[in-house]
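1. Got a sequence here, can you build the structure:
(one chain, ligands or ions: 3)
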Amino acid sequence: MSFDHRKYAPFPTIDKPDRQWPSKRIEKAPLWAAVDLRDGNQALIKPMSVAQKKRFFKLLVELGYKEIEVGFPSASQIDYDFCRALIEEDLVPDDVHIQVLSQARQELIERTFESLKGAKKAVVHIYNATSPTFREQVFNVDKEGCKAIAVKSAEWVRDAAAKQPDTEWSFQYSPETFSATETDFAIEVIDAVNEVWRPDQGQRVIINLPATVEVSTPNVFADQVELVHENIRYREHVLISVHTHDDRGCGVAAAELAVMAGADRVEGTLLGNGERTGNMDLVTAGMNLYAQGIDPEIDFSRMKEIRALVEEITEIDTHPRHPYAGDLVFTAFSGSHQDAIRKCLARYTPGDIWRVAYLPIDPHDLGRRYEEVVRINSQSGKGGVAHVLERDFGISLPRWLQQELAMVVQQDAEEDGGEITGERIHRRFNGDYLNVPAGWTLRSYDLHRADDGVRARISVGDEEGATVDVEGRGEGAMGALVDALNRRHGWQIRVEAFDEYSLGDNTEANAMACVRVQVGEQVQSAVALAADTTAAALQAILSAAGRVAASEAEQPARARA
Ligand SMILES: CC(=O)SCCNC(=O)CCNC(=O)[C@H](O)C(C)(C)COP(=O)(O)OP(=O)(O)OC[C@H]1O[C@@H](n2cnc3c(N)ncnc32)[C@H](O)[C@@H]1OP(=O)(O)O
Ligand SMILES: CC(C)C(=O)C(=O)O
Ligand SMILES: [Mg+2]
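-> Ligands and ions are numbered 1, 2, ... in the order given. The predicted structure is shown next:
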């Protein structure tokens with residue numbers, strides 16, 4: 001096996017001390033060009049049919065894309081037929097340019113123009129690779145020869161377009177492999193092409209700079225783009241476009257820095273399908289703007305539809321952690337993340353600037369639900385467990401009980417090794433705290449306030465269902481019950497924690513009480529719901545005390561066994 005980095009050479013950096021792009025900001029959306037139906041399509045195991053292309057095109061138009069590369073009609077009958085269908089069935093809105101690609105070969109360019117007969121607005125896109133590897137090894141031409149291919153094809157395009165004057169033509173030239181081309185040579189070729197097309201005389205021209213293969217860090221690509229932006233002739237009449245691929249995983253970053261470096265237009269595909277590691281992802285790039293308060297001019301609220309259609313047609317699943325679109329990108333499992341999200345969401349008021357920890361954007365904007373945000377596994381803590389109970393069941397717990405419940409939930413999660421659903425947490429809460437098994441039930445109570453406190457007579461259903469009356473005295477109802485239980489069982493109950501809540505009118509019970517008691521070595525907690533706060537408090541004490549009694553009854557039995 002050979003795994004030897006010395007086989008590779010570093011990509012040279014660019015000596016440009018006056019680079020401007022690092023201090024530039026992106027303040028508006030670039031022009032977007034969607035190339036799913038061409039670059040995306042040519043990378044599929046099963047290229048798209050005409051019917052699939054129609055559906056994809058329709059979605060791209062509805063989302064707001066105004067320039068859509070629809071295929072390589074001179075290379076494939078399907079692409080040719082699709083172009084014809086778009087035109088003949090009048091499927092292209094007036095403000096949308098369809099774009100098609102062709103090699104720099106006369107017969108292919110002619111066929112390309114044939115496919116576009118009757119189009120209202122069209123971009124004819126030609127390319128030839130300009131890098132040393134291609135010049136020397138693929139085309140076997142020197143620099144002049146390489147430039148001549150570009151110039152010749154620009155002439156064919158110009159002449160063919162002149163024969164179809166009813167179409168509003170844009171011409172696009174890509175020095176393919178621009179990212180690996182000497183930038184001064186790329187500029188020479190671009191200038192030569194523009195001398196044919198003369199953008200200064202009114203021809204709409206797009207110069208597209210592809211990182212056909214991503215070969216450097218994005219800052220180097222930005223330097224290359226800035227050099228073109230600063231040095232090509234007719235710059236003010238030309239749209240500079242970039243077309244980045246994701247070989248090093250930086251396709252979006254490279255496109256963003258390129259926009260800072262002067263690019264006006266960005267080509268990419270929805271969710272990044274494309275050759276090898278894919279094209280720059282239009283979803284990520286657009287949503288990155290949105291998350292900075294900049295209108296991407298594309299409707300990503302239809303994210304579910306985007307995903308469904310792209311997945312169906314490309315037969316490629318979306319990674320669960322794909323930026324903005326993946327199933328898990330708005331989900332936190334870890335405790336401290338959940339806690340921070342819960343606190344921030346509780347403070348967020350619609351209309352405010354979004355400032356929620358760990359969530360760069362509001363999931364609702366993309367049709368996602370807050371329910372997906374916090375999910376529980378063994379990495380979660382009390383904040384997350386409390387959030388799920390509050391969110392899904394409207395149950396708010398005091399901090400000490402959140403901690404207790406989180407511990408038992410964590411044990412479950414560790415035993416199971418996976419996710420614990422909200423329903424399961426709720427069942428745990430009900431079983432462990434609310435409906436204490438074989439517990440004591442409050443049947444009725446009678447309270448008398450006297451000078452020395454409250455006297456209580458309380459009827460309790462015991463574990464066998466029999467009614468037992470107990471009497472006690474205390475500062476309040478709870479104190480009186482504790483006193484009664486202490487007398488009856490010879491205990492010294494200490495109420496370690498107690499919280500009660502009024503639940504409002506829209507629940508079956510009006511009050512909830514949570515209590516933790518200590519009796520000797522034992523600590524037991526319980527929660528009770530009841531019609532009023534006194535009944536809830538008494539029942540909570542009875543439930544917790546009932547657990548103490550049950551546990552005491554078990555211990556001698558265990559000892560005997
Ligand atoms: C970076 C990109 O995505 S570029 C777009 C790539 N997309 C595609 O290739 C998809 C569609 N392509 C095809 O269907 C075919 O390749 C065609 C129809 C374009 C050409 O088919 P063929 O003539 O059979 O050639 P083949 O597929 O082997 O391509 C290689 C030939 O194209 C030539 N070529 C490659 N790029 C270009 C170019 N931009 N301009 C002119 N010729 C080119 C090569 O030099 C080679 O020519 P040679 O056979 O004379 O040595
Ligand atoms: C045809 C060009 C723009 C291309 O797809 C590339 O270079 O990646
Ligand atoms: Mg490409």
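2. and Ser49, how far is that from Gly479?
-> 79 Å (Cβ to Cβ, to the nearest Å). Every residue, glycine included, has its C-beta placed from N, CA and C.
3. Neighbour count: those two, which is higher?
-> Between Ser49 and Gly479, counting by other Cβ atoms under 10 Å, Gly479 is the more crowded of the two (17 against 13).
4. Now look at stretch 243-256 and say if it contacts ligand 1.
-> No - for stretch 243-256, no contact with ligand 1 is found by Cβ under 6 Å from any ligand atom; the gap never falls below 8.5 Å.
5. Now do that stretch: distance to the chain's middle.
-> Here stretch 243-256 is found 18 Å from its chain centre; the criterion is Cα atoms, centre = their mean, to the nearest Å.
6. Between the two ends of that stretch, what distance do you get?
-> End-to-end distance for stretch 243-256: 11 Å, by Cα to Cα, to the nearest Å.
7. what mean pLDDT does it have?
-> Across stretch 243-256, pLDDT averages out at 98.
8. Over to stretch 82-102?
-> Averaging pLDDT along stretch 82-102 yields 98.
9. Same question for that stretch: list its buried residues.
-> Neighbour-count burial for stretch 82-102 flags 82-87, 92, 96-102 (criterion: 16 or more other Cβ atoms under 10 Å).
10. mind checking the end-to-end distance for that stretch?
-> Start to finish, the residues bounding stretch 82-102 are 15 Å apart (Cα to Cα).
11. Check stretch 328-341 too.
-> End-to-end distance of stretch 328-341 (Cα to Cα): 15 Å.
12. what's in contact with that stretch?
-> With Cβ atoms under 8 Å, 6 or more residues apart in numbering as the test, stretch 328-341 has contacts from 320-323, 356-359, 363, 368, 372-377, 379-384, 387, 419.
13. Same check on stretch 361-375?
-> If you take Cβ under 8 Å, 6+ apart as the criterion, stretch 361-375 is touched by 287, 290-291, 300-304, 324-325, 330-333, 338, 341-342, 345, 354, 356, 359, 380, 384, 387-388, 391-392, 419.
14. any idea how far stretch 348-362 is from the chain center?
-> Distance, centroid of stretch 348-362 to centroid of chain: 15 Å (Cα atoms, centre = their mean).
15. let me redo that: stretch 77-84
-> 35 Å.
16. quick check, it touching ligand 1?
-> No - residues of stretch 77-84 are not located near ligand 1 by Cβ under 6 Å from any ligand atom, the shortest gap being 8.5 Å.
17. so how many other residues sit close to His489?
-> His489 has 15 neighbouring residues, counting by other Cβ under 10 Å.
18. these two touch, right, it and Ala553?
-> No - taking contacts as Cβ atoms under 8 Å, His489 lies outside contact range of Ala553: 11.1 Å.
19. still on that earlier bit, how about a markdown table for the buried residues of stretch 82-102, with secondary structure added?
-> Shown next, in a markdown table, are the buried residues of stretch 82-102 (DSSP: H, G, I helix; E, B strand; the rest coil):
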| residue | secondary structure |
| --- | --- |
| Phe82 | helix |
| Cys83 | helix |
| Arg84 | helix |
| Ala85 | helix |
| Leu86 | helix |
| Ile87 | helix |
| Val92 | coil |
| Val96 | coil |
| His97 | strand |
| Ile98 | strand |
| Gln99 | strand |
| Val100 | strand |
| Leu101 | strand |
| Ser102 | strand |
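20. which one among those residues gets closest to ligand 1?
-> Ligand 1 has its nearest neighbour among the buried residues of stretch 82-102 in Leu101, at 6.1 Å by Cβ to the nearest ligand atom.
21. The closest one touches Leu37, doesn't it?
-> No - judged on Cβ under 8 Å, Leu101 makes no contact with Leu37 at a distance of 10.3 Å.
22. Now for the two: what residues contact both?
-> Both Leu101 and Leu37 are in contact with 69, 71, where contact means Cβ under 8 Å, 6+ apart.
23. Could you measure from Gln539 over to Val495?
-> 14 Å.
24. Ignoring the adjacent residues along the chain, who's closest to Ala406?
-> What sits nearest to Ala406 in space, not counting adjacent residues and going by Cβ to Cβ, 6 or more residues apart in numbering, is Lys382, at 3.8 Å.
25. For that neighbour, give me its contacts.
-> 335, 339, 399, 402-403, 405-406.
26. Of those, keep whichever come out buried.
-> For these, buried by 16+ other Cβ under 10 Å: 335, 339, 402, 405-406.
27. now the residues you listed in TSV, with pLDDT, secondary structure and distance to Leu257?
-> As requested, those are exported to TSV (pLDDT from 0 to 100; DSSP: H, G, I helix; E, B strand; the rest coil; distance: Cβ to Cβ, whole Å):
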residue	pLDDT	secondary structure	distance to Leu257
Gly335	91	helix	36
Asp339	92	helix	35
Gln402	96	helix	45
Leu405	96	helix	48
Ala406	95	helix	44
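28. any idea how far the residue at the greatest distance from the centre of the chain lies from ligand 1?
-> Distance to the chain centre peaks in the chain at Asp451, reaching 64.5 Å (criterion: Cα atoms, centre = their mean). The gap separating Asp451 from ligand 1 is 94 Å, by Cβ to the nearest ligand atom, to the nearest Å.
29. For the stretch 401-550 of the chain, which segments count as strands?
-> 441-450, 453-461, 467-474, 494-502, 511-519, 522-530 (DSSP state E, counting those that start in this stretch).
30. now those strands in TSV, with mean pLDDT and distance to Phe185?
-> Compiled in TSV, the strands of the stretch 401-550 of the chain are given as follows (pLDDT from 0 to 100; distance: least, Cβ to Cβ, whole Å):
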stretch	mean pLDDT	distance to Phe185
strand 441-450	93	89
strand 453-461	94	92
strand 467-474	95	93
strand 494-502	95	74
strand 511-519	96	75
strand 522-530	95	76
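31. need those in JSON lines with mean neighbour count, can you?
-> Putting the strands of the stretch 401-550 of the chain into JSON lines (neighbours: other Cβ atoms under 10 Å) gives the following:
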{"stretch": "strand 441-450", "mean neighbour count": "14"}
{"stretch": "strand 453-461", "mean neighbour count": "19"}
{"stretch": "strand 467-474", "mean neighbour count": "16"}
{"stretch": "strand 494-502", "mean neighbour count": "15"}
{"stretch": "strand 511-519", "mean neighbour count": "23"}
{"stretch": "strand 522-530", "mean neighbour count": "21"}
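32. Can you lay out those as a markdown table showing distance to Thr133?
-> Formatted as a markdown table, these follow (distance: least, Cβ to Cβ, whole Å):
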| stretch | distance to Thr133 |
| --- | --- |
| strand 441-450 | 83 |
| strand 453-461 | 87 |
| strand 467-474 | 90 |
| strand 494-502 | 72 |
| strand 511-519 | 71 |
| strand 522-530 | 71 |
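33. So which of the ones you listed is nearest Gly431?
-> strand 522-530 (11.3 Å; Cβ to Cβ).
34. so who does the residue lying closest to Val388 once chain neighbours are set aside touch?
-> Excluding its sequence neighbours, the residue lying closest to Val388 (Cβ to Cβ, 6+ apart) is Gly422, at 4.7 Å. Gly422 makes contacts with 376, 388-389, 391-393, as judged by Cβ under 8 Å, 6+ apart.
35. Would you mind naming what in the protein lies close to ligand 1?
-> Near ligand 1, when you scan the chain using Cβ under 6 Å from any ligand atom, you find 39, 42, 72, 75, 103-105, 127-128, 138-139, 176, 212, 275.
36. If we use 8 Å, what do you get?
-> By the rule Cβ under 8 Å from any ligand atom, the part of the chain lying against ligand 1 is 38-39, 42, 72, 74-76, 101-105, 108, 126-129, 138-139, 149, 153, 176-177, 210, 212, 275.
37. Which of the residues you listed fall in strands?
-> Per DSSP state E, strands hold the following members of the residues of the chain next to ligand 1: 101-103, 126-129, 176, 210.
38. List the contacts of the most centrally placed residue in the chain.
-> The centroid of the chain falls nearest to Tyr324 when counting by Cα atoms, centre = their mean (2.2 Å). Applying Cβ under 8 Å, 6+ apart, we find Tyr324 in contact with 283-284, 287, 300, 303, 361, 366.
39. ok, of the residues you listed, which one's closest to ligand 2?
-> Thr284 (17.8 Å).
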